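J.: no sequence on this one, just coordinates:
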């Protein structure tokens with residue numbers, strides 16, 4: 001799914017703090033500025049009123065790239081693994 005499709009099909013994005021920001025901050029290319037871009041993107045996310053919705057959407061749709069809901073792809077994968085492990089270990 002492209003950013004255009006997401007923007008057009010996800011009404012919550014209209015309220016995102018990232019709206020109007022440079023998309024390259026949220027989808028940085030590997031290189032010397034990558035960590036700086038990720039840090040800036042996360043800072044924007046942490047102030048966002050739809051952060052949780054964005055993160056849930058990114059996890060549910062398996063977004064492979066970018067910072068969504070304040071987390072990178074690897075952070076989202078780790079969160080998903082922890083959630084799965086908790087489900088498996090829960091005796092209920």
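T.: Sure, I can see it. Predicted model, so just to flag it, every value in this text is computed and none were measured.
J.: Give me the mean pLDDT for the host helix or strand of residue 74.
T.: According to DSSP states H and E, residue 74 maps onto helix 73-89. The average of the pLDDT scores along helix 73-89 is 87.
J.: Return the set of buried residues in that helix.
T.: Neighbour-count burial for helix 73-89 flags 75, 76 (criterion: 16 or more other CB atoms under 10 Å). C-betas here are computed from N, CA, C, even on glycine.
J.: could you pull out the helices for the protein?
T.: With DSSP state H, the ranges of helices along the chain come out as 3-9, 23-26, 34-46, 51-60, 73-89.
J.: can you give me the mean pLDDT across the first one?
T.: Translated: helix 3-9. Averaged across helix 3-9, pLDDT comes to 50.
J.: Also stretch 60-70?
T.: Average pLDDT, stretch 60-70: 94.
J.: From the centroid of this structure, which residue is nearest?
T.: Here the mean C-alpha position of the chain is nearest to the C-alpha of residue 68 (CA atoms, centre = their mean), at a distance of 1.0 Å.
J.: With residue 34 as the reference, measure out to the residue nearest to that one when sequence neighbours are not counted.
T.: Distances taken as CB to CB, 6 or more residues apart in numbering place residue 58 nearest to residue 68, at 3.3 Å, with adjacent residues excluded. Counting by CB to CB, to the nearest Å, the gap from residue 58 to residue 34 is 19 Å.
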